[in-house]
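**Q** return atomic coordinates for the entry below.
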Amino acid sequence: MNKIGSTLKIVWRIAIPYFRSEDKRAGRWLLGAVIAIELSLVANDVLLNQWRNRFYNALQEKDWEGFVREMLVFCGLAAIAVLLSVYQLYLNQWLQVRWRRWMTTKYLDGWLNSANHYRMQLQGEGADNPDQRLADDVKLFVGQTLGIGVGLLSSIVSLASFVVILWGLSKAAPLQLFGADFSLPGYLVWASLIYAIFGTALTQWIGSPLVNLNFLQQHYEADYRFDLVRVRENTEQIALLKGEGAERERLLGRFRLIVENWYAIMNRTKRLTAFTSSYAQAAVIIPFILVTPAYFANKILLGALMQTAEAFGKVQDALSFFVSAYRSLAEWRAVIDRLDGFETSIKDAADLATRPPKIDVVTADGNTIDLAKLLVKLPNGAPMVAADDLRINNNEHVLVTGPSGAGKSTLFRAIAGIWPFGEGVIVVPAKATLMMLPQRPYFPIGTLKAAIVYPSSPDAFSSALVEQTLIAVGLPQFASRLEEAAHWNRMLSLGEQQRLGIARALLHEPQYLFLDEATASLDEPSEAALYRLLAEKLKTTTIVSIGHRSTLEAFHKGHIVLTREGDRFAAHERQKKDAVS
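**A** Prediction:
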């Protein structure tokens with residue numbers, strides 16, 4: 001019971017915000033309509049149950065007029081049932097797409113808010129494969145929550161409706177044993193209840209492992225799909241290293257987990273299906289076993305017998321909802337656990353940015369970036385880089401050097417405000433614009449113009465300006481391809497990507513530009529030409545570069561060096577010198 005209560009609390013926490021959101025009016029109206037139609041379908045079933053009594057009595061008594069009348073009644077009830085079913089499905093799907101859209105927007109906002117996605121990745125595998133949780137789990141949660149919720153409501157209402165009918169029929173068709181009548185009020189209801197309890201207990205015992213197996217199946221499927229994407233994204237490196245064999249074995253290893261877990265699901269499902277199918281088939285004949293003696297004793301007519309059989313079946317179906325829906329419930333539980341984990345990971349990552357000790361990035365009047373008593377740490381808490389009373393002046397070009405692994409890139413991440421591990425204060429000028437260019441820049445799939453001006457809209461810059469910038473950074477061959485859509489990170493060499501990164505900086509004209517080996521894949525003359533271009537075009541921009549080439553010193557007036565001091569590296573300013581113009 002504790003598990004059921006805990007699961008329902010999670011479902012409530014995930015589901016109820018939509019019905020309190022800005023789309024609540026439409027959501028509540030659609031949900032109310034779906035529920036109202038479901039209740040109408042149950043009422044229609046009750047009318048059909050009563051019709052069945054009259055219809056079979058007319059057959060038994062060879063009442064032609066009664067037969068014709070009941071056929072016309074059936075046509076009307078059937079038409080109503082079809083109309084209600086069609087519109088229930090339509091409104092259910094309408095609610096699903098609105099609810100899914102709202103949840104997707106909510107999760108995307110939480111995932112992509114202020115580098116939260118990056119902090120979630122730093123926390124490890126607490127929410128693996130967010131793409132699957134956003135694409136598949138949200139869809140499954142909405143569809144299964146509505147399906148199971150409406151089905152449960154239907155079972156409760158059907159139970160309440162048909163128990164009354166079955167109780168009355170128990171009185172009309174007394175229990176017959178060995179030719180004698182036994183007075184047992186509502187014996188058909190009690191028989192149905194005992195049978196349902198027996199079936200539910202056995203179903204839980206047989207099927208309970210399916211919850212974890214379904215969770216693992218989704219996890220393995222997502223891992224396999226992610227690795228396939230990784231291979232597609234890195235085909236060149238794999239081909240150069242002749243790593244096809246290794247990738248094949250790795251992917252087959254991932255797929256092997258899927259197959260092994262699927263076999264486990266198959267075996268468990270086989271046992272569950274064998275029981276539930278037997279259970280359902282037995283439920284068909286039980287009411288006839290109980291009531292037929294009264295029929296043959298002329299206590300009831302054929303219509304009452306058929307009505308009893310159907311009413312027993314309806315009560316049995318309602319009481320056995322858990323049995324019939326167990327597989328769906330197991331899949332639903334796995335989806336709930338994954339979305340709960342995703343929400344928890346989003347919250348933990350957001351808390352990570354505000355929970356002390358932390359690195360505070362604050363704004364202040366002035367025109368310098370100041371690092372005060374800053375200690376950047378690894379996620380495990382180990383110290384990495386220390387910087388105290390370090391200042392980056394406005395309109396200054398500064399080179400940052402140090403051994404590989406010293407934490408230069410991590411220091412940039414801390415200044416950008418996305419690295420949460422550490423303590424101290426970083427002061428940046430109010431309303432200052434910062435741009436970070438890594439060694440491998442990111443380009444979204446789309447037109448070349450959209451890729452270059454990212455994260456701005458393509459309309460933010462004229463095509464003529466973008467063309468001129470491409471020519472300036474040494475890519476004139478791409479000037480006529482701005483409207484061509486492609487996966488540019490795959491199509492272009494790393495050197496070409498780095499030139500496009502510089503073009504992006506020239507277009508956006510940030511006040512502070514941080515280059516993390518952003519030209520390392522270019523030859524020295526090309527790199528020098530781009531640095532001269534930056535100095536010429538971005539005259540008021542402060543440029544801070546990470547690099548290992550000694551030739552870069554000529555383009556930077558300031559120099560920050562990271563040196564080993566005990567268990568960490570420390571950042572110090574070196575004497576400044578004139579930079580090449």
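**Q** help me confirm that Pro356 is found in a helix?
**A** No. Counting by DSSP: H, G, I helix; E, B strand; the rest coil, Pro356 is not found in a helix; it is coil.
**Q** now do the same contact list for it.
**A** Glu423 (CB atoms under 8 Å, 6 or more residues apart in numbering). In short, each C-beta sits where N, CA and C put it, glycine included.
**Q** same thing with Ala432?
**A** Listed by CB under 8 Å, 6+ apart, the contact set of Ala432 reads 363, 511-512.
**Q** next, give phi and psi for it.
**A** With angles defined as degrees, to the nearest 10, Ala432 sits at phi -70, psi 140.
**Q** tell me how many other residues crowd Gln88.
**A** Neighbour count for Gln88, taken as other CB atoms under 10 Å: 19.
**Q** that one sits in which helix or strand?
**A** Using DSSP states H and E, Gln88 sits within helix 64-111.
**Q** other residues contacting the very next helix or strand once past that helix?
**A** Where DSSP H and E defines the elements, the next helix or strand beyond helix 64-111 is helix 116-122. With contacts defined as CB under 8 Å, 6+ apart, helix 116-122 is touched by 110-111, 126-127, 130, 345-346, 348-350, 352-353, 379, 418, 420-421.
**Q** format the CA atom coordinates belonging to stretch 253-271 as PDB.
**A** C-alpha atoms of stretch 253-271 as PDB (Å, rounded to 0.1, in the frame of the first residue of the first chain):
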ATOM      1  CA  GLY A 253      26.800  -5.300 -26.500                       C
ATOM      2  CA  ARG A 254      24.200  -2.600 -25.900                       C
ATOM      3  CA  PHE A 255      21.700  -4.400 -28.100                       C
ATOM      4  CA  ARG A 256      22.500  -7.700 -26.200                       C
ATOM      5  CA  LEU A 257      21.200  -6.100 -23.000                       C
ATOM      6  CA  ILE A 258      18.000  -5.100 -24.800                       C
ATOM      7  CA  VAL A 259      17.500  -8.700 -26.100                       C
ATOM      8  CA  GLU A 260      18.300 -10.300 -22.700                       C
ATOM      9  CA  ASN A 261      15.900  -8.000 -20.900                       C
ATOM     10  CA  TRP A 262      13.300  -8.500 -23.600                       C
ATOM     11  CA  TYR A 263      13.500 -12.300 -23.100                       C
ATOM     12  CA  ALA A 264      12.900 -11.700 -19.400                       C
ATOM     13  CA  ILE A 265       9.900  -9.600 -20.200                       C
ATOM     14  CA  MET A 266       8.700 -12.300 -22.600                       C
ATOM     15  CA  ASN A 267       8.900 -15.100 -20.000                       C
ATOM     16  CA  ARG A 268       7.200 -13.000 -17.300                       C
ATOM     17  CA  THR A 269       4.500 -11.800 -19.800                       C
ATOM     18  CA  LYS A 270       3.900 -15.400 -20.900                       C
ATOM     19  CA  ARG A 271       3.200 -16.500 -17.400                       C
END
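**Q** next, the buried residues of it.
**A** Neighbour-count burial for stretch 253-271 flags 254-255, 257-258, 261-262, 264-265, 268-269 (criterion: 16 or more other CB atoms under 10 Å).
**Q** tell me the gap between it and the middle of its chain.
**A** Put simply, stretch 253-271 sits 23 Å off its chain's centre (CA atoms, centre = their mean, to the nearest Å).
**Q** re earlier: neighbour count, pLDDT and secondary structure for the contacts of Ala432 - can I get that in JSON lines?
**A** Converted to JSON lines, those look like this (neighbours: other CB atoms under 10 Å; pLDDT from 0 to 100; DSSP: H, G, I helix; E, B strand; the rest coil):
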{"residue": "Thr363", "neighbour count": "11", "pLDDT": "90", "secondary structure": "strand"}
{"residue": "Gln511", "neighbour count": "18", "pLDDT": "95", "secondary structure": "coil"}
{"residue": "Tyr512", "neighbour count": "20", "pLDDT": "95", "secondary structure": "strand"}
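**Q** re earlier: now the buried residues of stretch 253-271 as CSV including distance to Ala535 and pLDDT?
**A** Conversion of those to CSV gives the following (distance: CB to CB, whole Å; pLDDT from 0 to 100):
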residue, distance to Ala535, pLDDT
Arg254, 49, 91
Phe255, 53, 92
Leu257, 54, 94
Ile258, 54, 93
Asn261, 58, 93
Trp262, 60, 93
Ala264, 63, 92
Ile265, 63, 90
Arg268, 68, 89
Thr269, 68, 87
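**Q** can you give me the helices in the stretch 101-250 of the chain?
**A** Using DSSP state H, counting those that start in this stretch, the helices found in the stretch 101-250 of the chain span residues 116-122, 130-132, 138-172, 187-207, 209-233, 235-240, 244-296.
**Q** could these go into TSV alongside distance to Tyr454?
**A** Formatted as TSV, the helices of the stretch 101-250 of the chain follow (distance: least, CB to CB, whole Å):
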stretch	distance to Tyr454
helix 116-122	16
helix 130-132	20
helix 138-172	26
helix 187-207	49
helix 209-233	18
helix 235-240	22
helix 244-296	30
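**Q** of all those helices, which lies closest to Val544?
**A** Smallest distance to Val544 across the helices of the stretch 101-250 of the chain (CB to CB): 20.2 Å, for helix 116-122.
**Q** CA atoms only for that closest one, dumped as CSV, please.
**A** Only the C-alpha atoms of helix 116-122 are listed here, as CSV (Å, rounded to 0.1, in the frame of the first residue of the first chain):
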residue,chain,number,x,y,z
ASN,A,116,20.7,23.5,-16.0
HIS,A,117,21.2,20.8,-18.7
TYR,A,118,25.0,21.2,-18.2
ARG,A,119,24.8,20.9,-14.4
MET,A,120,22.6,17.8,-14.8
GLN,A,121,25.3,16.2,-16.9
LEU,A,122,27.9,17.1,-14.3
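**Q** looking at it, Ser85 is touching Leu41, isn't it?
**A** Yes. Counting by CB atoms under 8 Å, Leu41 is a contact partner of Ser85 at 7.1 Å.
**Q** does Gln218 touch Asp128 like I think?
**A** No. At 10.2 Å, Gln218 does not count as touching Asp128 under the criterion of CB under 8 Å.
**Q** same drill for these two, tell me which one is more crowded.
**A** Counted by other CB under 10 Å, Gln218 and Asp128 do not tie: Gln218 has more neighbours, with 21 against 17.
**Q** and that one, how far is that from Glu536?
**A** 54 Å (CB to CB, to the nearest Å).
**Q** could you do Asp365 as well?
**A** In this structure, Asp365 and Glu536 are 30 Å apart, going by CB to CB.
**Q** between those two, which is the more surrounded one?
**A** Ranked by neighbour count (other CB under 10 Å), Asp365 and Glu536 place Glu536 first, with 11 against 6.
**Q** still on that earlier bit, out of the buried residues of stretch 253-271, who's nearest Ser192?
**A** Thr269 (26.2 Å).
**Q** the closest one contacts Glu331, doesn't it?
**A** No. In this structure, Thr269 is not within contact of Glu331 by CB under 8 Å, at 11.1 Å.
**Q** for the nearest residue to Pro209 once chain neighbours are set aside, list the residues it contacts.
**A** Spatial nearest neighbour of Pro209, excluding adjacent residues (CB to CB, 6 or more residues apart in numbering): Arg268 at 5.5 Å. Applying CB under 8 Å, 6+ apart to Arg268 gives the contacts 206-207, 209-210, 213.
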